[in-house]
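[1] Here is my input, please return the structure:
(chains A, B and C)
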Amino acid sequence: MKLAEIARALGASLEGDGDLELDELAPLDSAGPRSLSFLANPRYAPHLAATRAGAVILGPGIESPGCAVLRVPEPYLAFAAALEVFDRPVLLAEGIHRSAHVAEGAEIGPGARVAPGVVVSEGVRIGARATLHPGVVIYPEVTIGDDFVAHANVVIRERVRIGHRVRLGCGVAIGNEGFGYVPLPGGGVSNLRQIGTVVLEDEVEVGANTTIDRAAIGATRIERGAKIDNLVMIAHGCRVGPEALIAAQTGLAGSTVIGARAQLGGQVGTAGHLSVGEGARIAAQSGVPNDVPAGAEIGGYPAMDARLWRRASAAIHKLPELLRRVRRLEKAVLPD
Amino acid sequence: MKLAEIARALGASLEGDGDLELDELAPLDSAGPRSLSFLANPRYAPHLAATRAGAVILGPGIESPGCAVLRVPEPYLAFAAALEVFDRPVLLAEGIHRSAHVAEGAEIGPGARVAPGVVVSEGVRIGARATLHPGVVIYPEVTIGDDFVAHANVVIRERVRIGHRVRLGCGVAIGNEGFGYVPLPGGGVSNLRQIGTVVLEDEVEVGANTTIDRAAIGATRIERGAKIDNLVMIAHGCRVGPEALIAAQTGLAGSTVIGARAQLGGQVGTAGHLSVGEGARIAAQSGVPNDVPAGAEIGGYPAMDARLWRRASAAIHKLPELLRRVRRLEKAVLPD
Amino acid sequence: MKLAEIARALGASLEGDGDLELDELAPLDSAGPRSLSFLANPRYAPHLAATRAGAVILGPGIESPGCAVLRVPEPYLAFAAALEVFDRPVLLAEGIHRSAHVAEGAEIGPGARVAPGVVVSEGVRIGARATLHPGVVIYPEVTIGDDFVAHANVVIRERVRIGHRVRLGCGVAIGNEGFGYVPLPGGGVSNLRQIGTVVLEDEVEVGANTTIDRAAIGATRIERGAKIDNLVMIAHGCRVGPEALIAAQTGLAGSTVIGARAQLGGQVGTAGHLSVGEGARIAAQSGVPNDVPAGAEIGGYPAMDARLWRRASAAIHKLPELLRRVRRLEKAVLPD
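    All right, here's what the predicted structure looks like:
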């Protein structure tokens, strides 16, 4: 692709030869003469001088390392746009593969791409342009909107409701029974039947092998535009607000409520029956025992104000020394 | 369903109109005139006055908000029973789907429901009334008892032995090789062959995408009635005692022994070759480095007595301040 | 199998009756007269006297409990070799099952074992002797070397490149889109297209339900001989060095670099854009916020030198007491 075309697609101002042919996007340190590269994270600035890239996306005021430049106000956004320019998406064949099992009466909208071995059960309704990769299993009475993408081996349990433009990564399991047990009088426990469901609203995206359990009653609800990473556990009865971001391996215990646009790092755990306010940010690996106010930034185990946690965790290093210092003080002051 | 019928099913005493028709169970704050609601967790008591529920399950001495009441001694147990009353389970069609692959000589008991694309390998024996959802794969020489339920994409590796009334959530993997390597003299590592197996005893239940690895020798064993949540990792050679409860994303390192009725919160990790005593309780996210006595309640990273951990973790907040206070003391006392 | 044969296979010196017939390997405490047992971990030495094993593998200088002995210099290595002697591996039938879906033009080398329902998409090239268990899905344009083993329900996304002798456990997902979003000017976020790929080099092994995401550009790369356990998350753009070992439920945030032969315990989390040096060892559950030098041993949350962490974490237990002691000092010294 010619550099001039790319510049047009990105709305970038071109400094250099517009006829330059480029094949790929590459980081500064592995780029070659047919690569477009970029500097978006200052951490990688030292690589700029030595890059062999044919052209590079740069923000204002940064000097060219000698190659052509696509000058833009926000290099990260231009990089994101360049990813789309260079993308070669792989599509399933249109139509429903003859080896897919679509129950009688199940409805699949026009433009569907349904792979070999997919199972769509009775009472299912799916909107237009669905893509169901191999091994996808949809249990009975599920409803799904338009432009649904389910990667291989996704499972959607009975009666789950899914909005438009939802994307699910490989191996995602939506609607498994929640983990609820009632102690029996004679010892042991009995299953708490989970008769609720899961609702995924429009533009929800879920990463690989994540599990979202059905509510005992009502619905576990992932609201519009929330994005959930891989291997996340969303327990029964949780509500994840619109545009919230939840990173990998985080777990929400039952009935956790996450506010709009909140951001949870990886491996966070929340105790159940608590709520995280709008726009709150929770650092990776935090353990959240209590409600979190809107806009708060917290971290740590147990989680506290993020700045306090940074100081407290630095102090943990000093604990052995602190013990010694207190012993010395005690000797000086309380010499009994 | 008529309220009088529900009252009978729950053994509740009815206060109000027994002819009232109800369609669903709902939490107090989202219930409508055709909902049965309940108050089991005092946290939700403030919602009682404003509920629009047609009827509500209440414990002794709690006043009706104006609607009909099902009065019971233990509202949570009555709620659990009501879930069963309102449940509309979805069943696979009886029989073995013509597209399932059942090896010659594999035995599947009467009353089975085997979905499209299921694979049952040679030498497998399965008891009566098994339900195998789509994508279930059973490797050779596995034995399984009666009333087995495996949700979509469950995998059972070779020679695993499973008891009666076992239920496995979507994507569960039982019997993968344990993570064991032997350092090679010239550097690098070589696989430690894992020739043992996994045993799941009667009434074991396992949540979605959980993995239970086979032992190097002998068996990884999950004993009668133990319940394991989603995305849990049980390593090779572990033993989980009867009626133990293990919440989501917890990981047991190799050869961990969990006692009967022990309860592990979510995201707990145990070091290998240790044992957790009967009835012990381990708080979420704890890191357990050593044996835990029977009946102990522990928490923290590294785990300690739970009450001590509550005090210690509160003190972590105060560490930066404590450092300042010790510095001030040192200035006063040791002014050199 | 006769004990004399086993002795030969292990290069062990035989003390006892070489005609003894043995059927299995078993731990000391559950071994019977037809079991071969072993003492490799001193933790289990107390079981030696009481074992009912027919024969036992012992290191130099350890007295026989009365049964036959296979004497070796390194009992753990001999145990590893004995596992291979007693292994009865289960193999898929050779050939491509008629119900597998192999796209026209996809190439599968000689000696392949391809199970029912497997999907191999267009443009895929696979080397000799591949084993693809049921439910394996290979997206378009993937290349795979010789002796590949993929257990049931593994998914390999488009264009992933895999070397020789790679083994993937059940439910592994390779090449899902990384978790990357760009904030939109009007609020919300937009997908950062992930057009890179994943490379698994020779001898890489991956445990069940682990996910390895594709890079935004370039490749997420798992280098020669690295071993990854179950339920691990490797985010976009990471590089895991040769022969590194990563235990279960660990998560690497985007662009983490793990050095050769580094060892990460279970449930470790690393912040993104950092590097862990060659041969470093990270204790289970550590949270790694910064670069780790080669050869370092670290632990804790946040991670620090492992010895310091052992002392610091012991001190956390004493924090409540320390607070009291400082209060007492303050009273004595600053009595205002």
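[2] Quick one, grab the pLDDT at the residue nearest to residue A:255 when sequence neighbours are not counted.
    Spatial nearest neighbour of residue A:255, chain neighbours left out: residue A:237 (4.2 Å); criterion: C-beta to C-beta, 6 or more residues apart in numbering or on different chains. In short, each C-beta sits where N, CA and C put it, glycine included. Per-residue pLDDT puts residue A:237 at 96.
[3] Likewise for residue A:44?
    86.
[4] Okay, the nearest residue to it once chain neighbours are set aside and residue C:93: tell me how far apart.
    Nearest-residue entry for residue A:44: residue A:28, 5.9 Å, with adjacent residues in sequence omitted and distances by C-beta to C-beta, 6+ apart. Using C-beta to C-beta, to the nearest Å, one gets 50 Å for the distance from residue A:28 to residue C:93.
[5] go on, residue A:211?
    Relative to residue C:93, and taking C-beta to C-beta, residue A:211 is found at 33 Å.
[6] Which of those two has more residues huddled nearby?
    residue A:211 (30 against 12; other C-beta atoms under 10 Å in any protein chain shown).
[7] thinking the more buried one is in contact with residue B:231, fair?
    Yes - the criterion here is C-beta atoms under 8 Å, and residue A:211 meets it with residue B:231 at 6.1 Å.
[8] How about the secondary structure of the residue nearest to residue A:255?
    Per DSSP: H, G, I helix; E, B strand; the rest coil, the secondary structure class of residue A:237 is coil.
[9] Can you give me the distance of it to residue B:40?
    Counting by C-beta to C-beta - residue A:237 and residue B:40 are separated by 13 Å.
[10] the more surrounded of the two?
    The neighbour comparison of residue A:237 against residue B:40 (other C-beta under 10 Å) goes to residue A:237, with 27 against 17.
[11] who in the stretch 151-300 of chain A is up against chain B?
    Listed as neighbours of chain B in the stretch 151-300 of chain A under the rule C-beta under 8 Å from any C-beta of the partner chain: A:153, A:155, A:157-159, A:171, A:173, A:176-177, A:179, A:181-182, A:187-195, A:209, A:211, A:213, A:216-218, A:231, A:233, A:235, A:249, A:251, A:253, A:267, A:269, A:271, A:273, A:287, A:300.
[12] From those residues, keep the buried residues only.
    By neighbour count, with 16 or more other C-beta atoms under 10 Å in any protein chain shown, these hold A:153, A:155, A:157-159, A:171, A:173, A:176-177, A:179, A:181-182, A:189, A:191-195, A:209, A:211, A:213, A:216-218, A:231, A:233, A:235, A:249, A:251, A:253, A:267, A:269, A:271, A:287, A:300 as buried.
[13] Take the residues of the stretch 151-300 of chain A next to chain B and keep only those in strands.
    Using DSSP state E to define strands, the subset of these located there is A:155, A:173, A:176, A:181-182, A:189-191, A:211, A:213, A:233, A:251, A:269, A:287.
[14] Just put those residues in TSV and tack on distance to chain C.
    Formatted as TSV, those follow (distance: C-beta to the nearest C-beta, whole Å):
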residue	distance to chain C
A:155	11
A:173	10
A:176	14
A:181	23
A:182	28
A:189	25
A:190	28
A:191	24
A:211	10
A:213	16
A:233	11
A:251	11
A:269	11
A:287	10
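[15] Check whether stretch A:314-330 comes near chain B.
    Yes - for stretch A:314-330 and chain B, the contact criterion (C-beta under 8 Å from any C-beta) is met by A:315, A:316, A:318, A:319, A:322, A:325, A:326, A:328, A:329.
[16] What about the closest residue in space to the third one that isn't next to it in sequence, how many residues nearby?
    Right, the one you point to is residue A:318. Residue nearest to residue A:318 in three dimensions, not counting chain neighbours: residue B:323, with 6.7 Å by C-beta to C-beta, 6+ apart. Residues lying near residue B:323 (other C-beta under 10 Å) number 19.
[17] and residue B:323, what are its phi and psi?
    Note on residue B:323: backbone dihedrals following degrees, to the nearest 10 are phi -60, psi -40.
[18] same check, this time on the one 5 residues further on
    According to degrees, to the nearest 10, the main-chain angles of residue B:328 amount to phi -60, psi -40.
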